[in-house]
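Engineer: I would like to see how this sequence folds:
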Amino acid sequence: MRIRRSVRRVFGVLVGPAAAAVITIYFGYAMIYGPRGYLALSETQAKLASERTQLRAAEETRQGLEHRMTLLSPGHVDADLVEELARTQLMDGAPGQVAVPRDGH
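Structural biologist: Numbers count the residues shown, from 1 in each chain. Next up, the predicted model:
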């Protein structure tokens, strides 16, 4: 009877700290090696830098297209841009005329 009580007491005393240690080890491992852990931080920062570069390129393209749209707005159409668009779309001209396609503005 006394042995049973002492065994229960020992296990009762050890279960709490053992469970706390297991939980601490689990969360410590996840904090370092997990998908959002410390080791994944550098990979995430590199991906963020790449995405920001793509965003800047997309914004520059958008600004260029907005500028071209303002040149084609009703009331103040840029004649040179209209001619350029017509030539690029049709790639046709008068006899003896050569159309040289250019990269976009």
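Engineer: Out of the helices and strands in this protein, which is least certain?
Structural biologist: In the chain, no helix or strand scores lower on mean pLDDT, DSSP states H and E than helix 79-90, which sits at a mean of 77.
Engineer: all helices of the chain, in order?
Structural biologist: 2-33, 39-71, 79-90 (DSSP state H).
Engineer: for the record, mean pLDDT for the first one?
Structural biologist: What that stands for is helix 2-33. Helix 2-33 shows a mean pLDDT of 86.
Engineer: Next, the angle helix 39-71 makes with it.
Structural biologist: Calculated by axes from the mean of the first three to the mean of the last three Cα atoms, to 10 degrees, helix 2-33 forms an angle of 30 degrees with helix 39-71.
Engineer: So for helix 2-33, what gets flagged as buried?
Structural biologist: Along helix 2-33, no position meets the burial threshold by neighbour count (16 or more other Cβ atoms under 10 Å). Every residue, glycine included, has its C-beta placed from N, CA and C.
Engineer: Ok, the longest one next?
Structural biologist: Burial within helix 39-71, assessed by neighbour count using 16+ other Cβ under 10 Å, is assigned to no residue.
Engineer: ok so, going back, what would the helices of the chain look like in a markdown table with distance to Arg102?
Structural biologist: Shown next, in a markdown table, are the helices of the chain (distance: least, Cβ to Cβ, whole Å):
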| stretch | distance to Arg102 |
| --- | --- |
| helix 2-33 | 53 |
| helix 39-71 | 14 |
| helix 79-90 | 8 |
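Engineer: Nearest the middle, which residue of this structure would you pick?
Structural biologist: Nearest to the mean C-alpha position of the chain, counting by Cα atoms, centre = their mean, stands Glu51 at 4.0 Å.
Engineer: mind checking pLDDT for that one?
Structural biologist: You'll see Glu51 listed with a pLDDT of 98.
Engineer: Begin at 48, not 1, for the rest of this chat.
Structural biologist: Happy to do that; since the first residue is 48 now, the last one works out to Glu98.
Engineer: Next up, the contacts around it.
Structural biologist: Residues counted as contacts of Glu98 (Cβ atoms under 8 Å, 6 or more residues apart in numbering): none.
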